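In: Got a predicted structure here, sequence first:
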Amino acid sequence: MKPELNPPETLVTSNLPITQVGGMLTGIRVFRSTFDSGLGIGDGLSRLSPPKDYPESRFKVLYMAEDLETALMEAIFRDSLTSQTAFRSLPITTLEDYDISRLAFDFSGWSLLDLTGMGPTIMGMHRDIMNLSDHTWSRQWSAAIYKSVPNIGAVAYHSTFTKRTCIAIYDRAAASGQEISRVPLLSEPVIYKALDNLGVGLFS
């Protein structure tokens, strides 16, 4: 393990790139149709979930994206789109079991940690932490943030796949969430435009 990738024992809170949202924090979530709600939150291992050996009570994280292309890449495609051809064709069944929700969270009482742009540099985080496929170190940083700064309700960071913004909502702020809308993914009006932007086509 590289020691420079680990968070400090005590975070210097004055160096954190914190933003006050002052209202509603919104985003898009793509998820399995079997889930009861787009606001569902699990305790599986993910980029900003607590480490396996986290000694204190385990927290949970809900993820959403600023746009549909990013939501698709993060929730479904991820590393599967490895073809170098200009256009990739996938069976329509790939998307049949997914829904899309538009979510809104009341962040009037919460802060957002902004790890986009210069955020990691400002807080002394290694520049590659949020881009590594190995989430060991991002989980450690997340646990340190969750413990050290109780008013942080979410973390914004850039998607590895699209370089656009993803937002991880901590469980302590997720209770303020509303599911504004939910439809089957293939019924989403702009789904084919988003797929076209990603160079993806569907066949029956």
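Out: Great, that's in hand.
In: Sheet-wise, list the partners of the lowest-mean-pLDDT helix or strand in the chain with their directions.
Out: Least confident helix or strand of the chain, by mean pLDDT, DSSP states H and E, is strand 88-91 with a mean of 84. With DSSP bridges as the test, strand 88-91 is paired with strand 200-203 (parallel).
In: and the longest helix seen in the chain, how far out from the chain's middle?
Out: Assignment by DSSP state H gives helix 136-148 as the longest helix of the chain. Centroid separation between helix 136-148 and its chain, computed with CA atoms, centre = their mean, to the nearest Å, is 15 Å.
In: what's the answer for stretch 29-46, then?
Out: Here the centre of stretch 29-46 is set off from its chain's centre by 12 Å, with CA atoms, centre = their mean.
In: what comes into contact with that stretch?
Out: For stretch 29-46, the surrounding residues in contact (CB atoms under 8 Å, 6 or more residues apart in numbering) are 49, 52, 58, 60-65, 68, 71-72, 74-76, 97-101, 103, 135, 139, 169, 171, 174, 177-179, 182, 184-185. Bear in mind the C-beta positions are built from the backbone N, C-alpha and C, glycine included.
In: quick one: which of those sit in helices?
Out: L68, A71, L72, R139, D171, A174.
In: Make a PyMOL selection of whichever of the residues you listed turn out to be buried.
Out: Selecting only the buried members of the ones in helices among the contacts of stretch 29-46 in PyMOL, with burial defined as 16 or more other CB atoms under 10 Å, works like this:
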select buried, resi 68+71+72+139+174
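In: most centrally placed residue in this protein?
Out: Residue closest to the mean C-alpha point of the chain, counted by CA atoms, centre = their mean, is Y63 at 3.7 Å.
In: Any chance of a markdown table for the ones in helices among the contacts of stretch 29-46, columns distance to F35?
Out: Shown next, in a markdown table, are those (distance: CB to CB, whole Å):
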| residue | distance to F35 |
| --- | --- |
| L68 | 18 |
| A71 | 14 |
| L72 | 16 |
| R139 | 23 |
| D171 | 16 |
| A174 | 14 |
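In: hmm, which two among the ones in helices among the contacts of stretch 29-46 are most spread apart?
Out: Distances among the ones in helices among the contacts of stretch 29-46 were taken as CB to CB; the most separated pair is L68 and R139, at 26.8 Å.
In: next structured bit after the longest helix of the chain?
Out: strand 152-158 (DSSP states H and E).
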